[in-house]
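> Just the structure for this:
(4 chains)
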2 protein chains.
Amino acid sequence: MTRYTHQIKLLVAIDCIIFGFNGRELKILLVQRGLEPEKGKWSLVGGFLKPDEDLQKAASRVLNDLTGLSDVYMEELHSFSNPKRDPVERTVSLAYFALIDIHKYEKQITTDHHAEWFDLNKFPKLIFDHNQMIERAKARLQYKAALHPILFELLPAKFTLPQLQNLYEGVYKNAIDKRNFSRKVLSTGLLIKQNEKDKAGSKKGAYYYKLHKKKYNVNFNAVLNIIPNPDKIFS
Amino acid sequence: MTRYTHQIKLLVAIDCIIFGFNGRELKILLVQRGLEPEKGKWSLVGGFLKPDEDLQKAASRVLNDLTGLSDVYMEELHSFSNPKRDPVERTVSLAYFALIDIHKYEKQITTDHHAEWFDLNKFPKLIFDHNQMIERAKARLQYKAALHPILFELLPAKFTLPQLQNLYEGVYKNAIDKRNFSRKVLSTGLLIKQNEKDKAGSKKGAYYYKLHKKKYNVNFNAVLNIIPNPDKIFS
DNA sequence: AAAATAATTGTCATTTTTACAATTATATTT
DNA sequence: AAATATAATTGTAAAAATGACAATTATTTT
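Here you go, the predicted structure:
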């Protein structure tokens, strides 16, 4: 039988950068590592590729094991393959980038799996090259969200315009004009205004909106332009 | 010493989708496979990850071995990890996406390495999942080129506006209005008009342009908008 | 000198973007 | 009950970008 000789074999892992949004701040989900080395230190959620799955499946499995969620927005981010990135054994890791509605299990995970939501602007030093992974994920999030309506993946079924704007402002860390923002967002036709108001955040209350699911799915890859002067973000 | 037990080890490979442009058509560079199985069949340029290199280096090495070129535009495209993608042994492959100036070695490679440039619209069936890789690379090229000025990587130092437009029309397979195209491209400030003309393509001759290297490097990630109605491309 | 060929250039209507502030709805306080 | 405080909602005008459209120019060939 044919074999590829004289080639190294190594471990292939996946690590998930999981973003959430609580209505105010952007969060990332981290876990306390359960195995040596670095046991007990904070890290991304990860695991090894199994014999009968591809990487996409492995990433879904890892995320599902932790959160119980399936059908989560997830995309391949980048490979991390420095020969010394894992001191134990040579491992190539594929980083995946996930966006979830934080409300769907804010509670359980914390206790069950030594998992915790951290503020994206203040989280602990992580093992290996996981901090680099997060940096790259943040850059991808900024890039992608400037062009495509992916941030809705972070929101619950009903959300208000001020919440949505908070989210965008959190991602880009700069203020956006309310009038221009609502005009642009509404002009996409992706939002359906509800009659109900969210009275939690203000006296007047803000109207809830829902996503127009059909249009959303169709226009998922469309190039929007919600952020003013997107050039300045990337240059 | 700590080890990750009960995890599978496997081969990690890289495959390069190499694009070129001859002034008229888009091309991809393919090689005749040198090892069993499928020896003699056409495939992408590829190789295995070595002990002391990361994937980026491996991709550069593979490309350099074939073409002699370094400093080539190359980016990670996507992983391909179906458990049965390579019938010999389980192999995860990272596909890389490269853009080169075809003139830099149009001749040598063909003879030296059983390599050949194929028209992007007409090339042979490839081994394994390499056709899928090319499909994804084409999609990435269309996406990226609609937003960023990467197509200049395919052109020689001096090029004409009609050549540039041919390139864009080749990538998107549709005609672009000459007046609007030149206005948009020139408004980027990335092109420097030369006094010399290319008289090969027409009686009148077309002025050569060069890239404004500094602006190009600075604006490399800027979001341009050269293609009319970019939405229609992705939706 | 005329014809053929491809490159180059311009205008106008429409749409999009940006900058900027007043008004409205409601709860709380006086 | 009236005034106040707070945040949500709404509008307008100038500037820039886009898209649709055709005439002119430079050169070689006939």
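> Tell me which helix or strand A:I134 sits in.
helix A:130-147 (DSSP states H and E).
> Partner strands of the helix or strand that that helix is followed by and their direction?
Next along the chain after helix A:130-147, taking DSSP H and E as the criterion, comes strand A:159-160. Applying DSSP bridges to the sheet, strand A:159-160 is found paired with strand A:206-211 (antiparallel).
> Now look at the partner strand and say if it contacts DNA strand C.
No - for strand A:206-211, no contact with DNA strand C is found by C-beta under 7 Å from any atom of the strand; the gap never falls below 10.2 Å. Bear in mind the C-beta positions are built from the backbone N, C-alpha and C, glycine included.
> Only the buried residues of that strand, if you could.
Of the residues in strand A:206-211, A:206, A:208-211 count as buried by neighbour count, 16 or more other C-beta atoms under 10 Å in any protein chain shown.
> Can you confirm whether that strand lies near DNA strand D?
Yes - shown here: strand A:206-211 in contact with DNA strand D (C-beta under 7 Å from any atom of the strand) through A:206-207.
> neighbouring contacts of the helix or strand that that strand is followed by?
Moving toward the C-terminus from strand A:206-211, the next helix or strand (DSSP H and E) is helix A:213-218. Applying C-beta atoms under 8 Å, 6 or more residues apart in numbering or on different chains, the contact partners of helix A:213-218 are A:149, A:152, A:189-190, B:235.
> Helix A:213-218: which residues count as buried?
Quick answer for helix A:213-218 (16+ other C-beta under 10 Å): A:215-216.
> Likewise for stretch A:219-231?
For stretch A:219-231, by 16+ other C-beta under 10 Å, it's A:219, A:222-224, A:226-228, A:230.
> just checking, what packs against the biggest strand by length in chain A?
Identified as the longest strand of chain A according to DSSP state E is strand A:9-21. Where contact means 3 or more C-beta pairs under 8 Å, 6 or more residues apart in numbering or on different chains; DSSP states H and E, strand A:9-21 is packed against strand A:26-32, strand A:45-48, helix A:55-67, strand A:73-80, strand A:91-99, helix A:130-147, strand B:10-21.
> on that earlier part again, okay, the buried residues of strand A:206-211 in CSV with pLDDT and distance to A:A58 next?
CSV is the format used below for the buried residues of strand A:206-211 (pLDDT from 0 to 100; distance: C-beta to C-beta, whole Å):
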residue, pLDDT, distance to A:A58
A:A206, 97, 40
A:Y208, 98, 37
A:Y209, 98, 35
A:K210, 98, 33
A:L211, 97, 29
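> near DNA strand C, from the buried residues of stretch A:219-231?
Among these, proximity to DNA strand C is found for A:P228 (C-beta under 7 Å from any atom of the strand).
> Greatest separation within the buried residues of stretch A:219-231: which pair is it?
A:N219 and A:P228 (20.3 Å; C-beta to C-beta).
> Contact partners for A:L11?
Contacts of A:L11 by C-beta under 8 Å, 6+ apart are A:48-49, A:86, A:89-92, B:4, B:7-9.
> before we move on, back to that, tell me the one of the buried residues of strand A:206-211 nearest A:L63?
Proximity of those to A:L63 (C-beta to C-beta) peaks at A:L211, which lies at 21.7 Å.
> wait, the closest one sits on A:L191?
Yes - A:L211 is within contact range of A:L191, at 6.9 Å (criterion: C-beta atoms under 8 Å).
> returning to that earlier point: type out the PyMOL command that picks the buried ones from the contacts of helix A:213-218.
Command for PyMOL, covering only those of the contacts of helix A:213-218 found buried under the criterion 16+ other C-beta under 10 Å:
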select buried, chain A and resi 149+152+190
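> For the nearest residue to A:E196 once chain neighbours are set aside, list each beta-bridge partner.
Distance criterion C-beta to C-beta, 6 or more residues apart in numbering or on different chains; nearest residue to A:E196, sequence neighbours excluded, is A:Y208 at 5.1 Å. Beta bridges link A:Y208 to A:T160 when assigned by DSSP bridges.
> Wait, A:Y208 touches A:K199, no?
No - using C-beta under 8 Å as the test, A:Y208 is too far from A:K199 to be in contact (10.6 Å).
> Residue numbers of chain A in contact with DNA strand D?
Residues of chain A found near DNA strand D (C-beta under 7 Å from any atom of the strand) are A:160-162, A:178-180, A:182-183, A:197, A:201-207.
> Please tell me which one of those counts the most neighbours.
A:T160 (21 neighbours; other C-beta atoms under 10 Å in any protein chain shown).
> got a list of what that residue touches?
With C-beta under 8 Å, 6+ apart, A:T160 has these contacts: A:198, A:201, A:206-209.
> 6 Å instead, please
A:198, A:206, A:208 (C-beta atoms under 6 Å, 6 or more residues apart in numbering or on different chains).
> and the gap between A:L77 and A:L11?
Distance, A:L77 to A:L11, by C-beta to C-beta, to the nearest Å: 19 Å.
> likewise A:L141?
From A:L141 to A:L11 the distance is 27 Å (C-beta to C-beta).
> what's the answer for A:I127, then?
The value you get for A:I127 to A:L11, if C-beta to C-beta is used, is 15 Å.
> likewise A:K50?
11 Å.
> and chain A, which of its residues are near chain B?
A:2, A:4, A:7-12, A:36-37, A:48, A:51-52, A:54-55, A:79, A:81-83, A:88-89, A:92, A:94, A:221-223, A:230-231, A:234-235 (C-beta under 6 Å from any C-beta of the partner chain).
> Please list only the buried members of those residues.
A:7, A:9-12, A:48, A:54-55, A:79, A:81-83, A:92, A:94, A:222-223, A:230, A:234.
> Mind listing what's buried along stretch A:153-164?
Per 16+ other C-beta under 10 Å, stretch A:153-164 contains these buried residues: A:153-155, A:159-164.
> oh, I was asking about stretch A:15-32
A:15-21, A:23, A:25-31.
> repeat for stretch A:53-72
A:53-63, A:66-67, A:72.
> and of the residues you listed, the nearest to B:S43?
Of all those, B:S43 sits closest to A:D54, with 20.2 Å by C-beta to C-beta.
> check contacts around the closest one.
Counting by C-beta under 6 Å, 6+ apart, A:D54 has contacts B:81-82.
> If you rank every helix and strand of chain A by mean pLDDT, what lands last?
Sorting the helices and strands of chain A by mean pLDDT, DSSP states H and E puts helix A:231-234 at the bottom, at a mean of 54.
> before we move on, back to that, need the max-distance pair from the contacts of helix A:213-218.
Distance extremes for the contacts of helix A:213-218: the farthest pair is A:F152 and B:S235 at 16.7 Å, using C-beta to C-beta.
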